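**Q** Following is a predicted model, sequence given first.
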Amino acid sequence: MRIIKTKNYEELSRKAADLISAQILMKPNCVLGLATGGTPVGTYRCLIEKYKRGDLDFSAVTSINLDEYRGIERENPQSYWYFMHENLFNHVNISPERVNVPDGRNLNAQEECARYDRVIENHGGIDLQLLGIGLDGHIGFNEPGPAFVLETHCVDLEESTIEANKRFFESRDQVPRQAYTMGIRAIMQAKKVVMIVNGKNKAEIVKKSFFGPVLPEVPASILQLHPDFILIGDEEAFSEIED
Ligand code: GLP
């Protein structure tokens, strides 16, 4: 595990974007595992700037997103499909056929999860996986549980996740209760994993996940075992950790 401590969110976003740019420059047809949430918005903004300056070419890049709410239309502004297009894809030259997000419109969970695992497998896995972290230690939507779930699966969202994500919806009632998420295997098999985390409210879960035991009750803790895991956090996110 490599730790990069940044002064603030801007620096964190630049560092993550630099790592993703390096990946695209080294392998123009790479597979990026991408994440949603508030944290990656700055990273995507930096990537868009690099693209607009002519420093990045997404034409051969494939993206495979981590997760999507179950039972949501793509056009719904709260869908992760919509989020990714708003915050990144609509602003760069990625090919629409190379964009992959679990299909929230497909209510047949078994079918959709199996399809998504085939998509990941057919691309030979992920080169660089970008992650955020939930307050309960979830990655993608891999929620705490009795065991790590390896395959893409349908999850019942934890109350704390529904509570945290309600800020994106008009009311708490509108937050979907289920989601499809990539499993732990595809994340752990990614060649490189980059997690970005900022703010005081993440300090406790950062300590628990990366400076405590590896447990399925703290899903992100498994990343301690990844051979190329980079944790980028701002000072507040690392405030519970002693130097
Ligand atoms: C959601 C996403 C996660 C994300 C998490 C944290 O639940 N499924 O991929 O990491 O939220 O989001 P934020 O960055 O807004 O704290």
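**A** Arrived safely.
**Q** Of all the residues in stretch 76-91, which ones are buried?
**A** Buried residues in stretch 76-91, counted by 16 or more other C-beta atoms under 10 Å: 76, 78-85, 87-89, 91. For every residue, glycine as well, the C-beta is placed using N, CA and C.
**Q** quick check, stretch 175-192 touching the ligand?
**A** No: with C-beta under 6 Å from any ligand atom as the criterion, the ligand is not reached by stretch 175-192; the gap is at least 7.1 Å.
**Q** switch to numbering from 163
**A** All right, first residue 163 from here; so that's stretch 337-354.
**Q** what about residue 376, how many neighbours?
**A** Burial of residue 376 is recorded as 15 neighbouring residues (other C-beta atoms under 10 Å).
**Q** if I read this right, it contacts residue 387, doesn't it?
**A** Yes: under the criterion of C-beta atoms under 8 Å, residue 376 makes contact with residue 387 at 6.3 Å.
**Q** neighbours around the closest residue to residue 192 other than its chain neighbours, how many?
**A** Excluding the flanking residues, the one nearest residue 192 by C-beta to C-beta, 6 or more residues apart in numbering is residue 289, at 4.2 Å. Per other C-beta under 10 Å, the neighbour tally for residue 289 reads 20.
**Q** Now do the contacts for residue 289.
**A** Residue 289 sits next to 185, 189, 192-194, 352-354 when contact means C-beta atoms under 8 Å, 6 or more residues apart in numbering.
**Q** Over to residue 169: give its phi and psi.
**A** For residue 169, the backbone dihedrals (degrees, to the nearest 10) come out as phi -70, psi -40.
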